[in-house]
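Participant: pasting the structure only:
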């Protein structure tokens, strides 16, 4: 769902792909993250998305100018999953709130797999 904002000079529409790229780059910087995987169960067979396709693994919903973000990620073997997930949540929330000037109420991280290097 694209995000719409009204300003003094008109309306701003931010596409899903733009938001997904922003979130994807924040996720990619986190230690222990191997990649983003598609959200549809049929697509999850060993498929990691490239950064230009992160929209398939990131769901952003907007209600009353507040965002909820769902991420589907694969982590590296041997990392402490709760710590990595907390870091993802903090980094995504900070990045989105600063770039879009909108509140993020939740960042739900779905760990879809663990990959051995």
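Facilitator: That came through fine. Not measured: the values here are computed from a predicted model. Numbers count the residues shown, from 1 in each chain.

Participant: which intervals of the chain have sub-threshold pLDDT?
Facilitator: Residue ranges of the chain with pLDDT under 70: 1, 40-55.

Participant: just the helices in it please.
Facilitator: Using DSSP state H, the helices of the chain run over 16-28, 81-100.

Participant: in the last one, what counts as buried?
Facilitator: With burial defined by 16 or more other Cβ atoms under 10 Å, the residues of helix 81-100 counted as buried are 84-85, 87-89, 91-93, 95-96, 100. Bear in mind the C-beta positions are built from the backbone N, C-alpha and C, glycine included.

Participant: returning to that earlier point: tell me which of the helices of the chain lies nearest to residue 10.
Facilitator: For the helices of the chain, proximity to residue 10 was assessed by Cβ to Cβ; helix 81-100 is nearest, at 16.7 Å.

Participant: Any chance of JSON lines for the helices of the chain, columns distance to residue 58?
Facilitator: Putting these into JSON lines (distance: least, Cβ to Cβ, whole Å) gives the following:
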{"stretch": "helix 16-28", "distance to residue 58": "4"}
{"stretch": "helix 81-100", "distance to residue 58": "9"}
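
Participant: one step back: and which of the buried residues of helix 81-100 is nearest to residue 37?
Facilitator: Relative to residue 37, the closest of those is residue 88; by Cβ to Cβ it sits at 13.7 Å.

Participant: and residue 28, how many neighbours does it have?
Facilitator: Residues lying near residue 28 (other Cβ atoms under 10 Å) number 13.
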